[in-house]
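**Q** 3D, please:
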Amino acid sequence: MKRSLLAVGLVLLAASGPRARAEVRVTDDAGRSLRLAQPAKRVISLAPSVTEMIYEAGGGKRLVGAVESSDYPPAARKLPRVGSYQQLDLERIASLRPDLIVVWFHGTAAREVEQLAVLGFPIFHLEPRRIEDVPAALERLGQLLGTTPAAESAAQRFRARFAELRSRYAGRPQLAVFYQVADRPLLTTNDQQIISDVIRSCGGHNVFGKEPALVPQVSTESVVAANPDVILTAQIGDGKSDGTHATRAPGDAAFAMWRAFSAMKAVRTGQLWLFPATPISRQGPRILDAVEAVCSAFDEARKAK
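**A** Down below sits the predicted model:
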């Protein structure tokens with residue numbers, strides 16, 4: 001299998017032929033400098049958030065493949081599938097003859113990405129950790145794809161909207177916040193994940209922000225002891241994940257485990273909120289939709305204190 005795949009990769013790379021000289025050199029979020037002889041023309045995205053950023057940077061027509069769940073913008077649903085973040089179809093990827101593969105640094109199957117790198121396919125890692133990193137990521141994609149004007153325009157719009165949101169919600173009283181990634185096991189995020197930056201932008205404090213792991217597992221007792229003012233989680237699988245509005249839903253099944261702790265502030269005041277899944281969980285341009293939704297919910301929570 002490995003020898004066959006290697007042969008396929010080498011033949012396809014050799015078949016790409018001579019290139020026009022328009023060298024591009026960009027550093028990725030793994031700290032690696034990637035050099036392309038010319039802007040990429042055949043791109044594969046290995047994360048839904050990356051797919052969104054490529055479209056936003058003006059490179060949608062250059063995409064020849066993407067992983068499952070790449071569903072936004074709607075045009076992305078028509079792209080050939082190359083597996084999931086858990087398991088990639090390496091033969092399929094090689095057959096699409098990419099001249100650039102963009103991956104989510106901590107979210108794509110590392111072993112398979114390394115196999116693709118060994119085959120000689122150019123790999124670019126992206127993982128914005130802060131909201132301010134998103135427009136910079138768009139600009140770097142623009143360089144790689146030869147779509148710099150579109151990418152810079154998108155980055156400028158993003159920065160302007162974020163500045164307006166920060167100005168609108170500056171100075172609000174602080175709230176202690178628990179973000180629930182999953183309930184079995186009970187997972188959250190630390191301050192190095194972009195969701196915490198959303199919370200900070202709205203005047204919130206992640207009660208587990210100092211945990212060393214990016215997505216730490218915590219105990220029920222530790223959440224109760226932290227006594228958050230607000231508990232947030234993402235709604236998944238209800239057909240509303242592309243929306244931009246939060247819903248206060250203390251009776252939702254996602255929060256069932258907390259109803260036994262009626263003295264906890266978030267439970268006592270009913271500040272248990274569901275958020276559209278994809279904007280808040282994808283490190284891409286729609287993260288500002290999440291900021292707007294979270295900030296609005298926090299304003300409601302402050303009234304309930």
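**Q** For the protein, just list every one of the helices.
**A** Under the criterion DSSP state H, the chain contains helices at 2-15, 48-56, 90-95, 110-118, 133-145, 148-169, 194-201, 220-226, 265-268, 277-281, 287-304.
**Q** which residues touch the longest one?
**A** Identification of contacts with helix 148-169 by Cβ atoms under 8 Å, 6 or more residues apart in numbering yields 56-59, 131-132, 134-136, 138-139, 141-143, 145, 201-203, 285, 288, 291-292, 295, 298. Where you see a C-beta, it was placed from the backbone N, CA and C, and this is true even at glycine.
**Q** switch to 7 Å and redo it
**A** By Cβ atoms under 7 Å, 6 or more residues apart in numbering, the residues outside helix 148-169 that reach it are 56-58, 131, 134-135, 138-139, 141-142, 201-203, 285, 288, 291-292, 295.
**Q** could you give the mean pLDDT of that helix?
**A** Averaging pLDDT along helix 148-169 yields 97.
**Q** From residue 67, how far out is residue 81?
**A** 7 Å (Cβ to Cβ, to the nearest Å).
**Q** These two: which is more packed in?
**A** Shown here are residue 81 and residue 67; by other Cβ atoms under 10 Å, residue 67 has more neighbours (27 against 14).
**Q** Surely the more buried one is in contact with residue 80?
**A** No. Assessed by Cβ atoms under 7 Å, residue 67 is found out of contact with residue 80, at 10.5 Å.
**Q** how about the nearest residue to residue 32, chain neighbours excluded?
**A** Nearest residue to residue 32 in three dimensions, chain neighbours excluded: residue 125, at 7.0 Å (Cβ to Cβ, 6 or more residues apart in numbering).
**Q** Check what pLDDT that neighbour gets.
**A** pLDDT, residue 125: 95.
**Q** With residue 108 instead?
**A** 65.
**Q** How about residue 242?
**A** Confidence score, pLDDT, at residue 242: 50.
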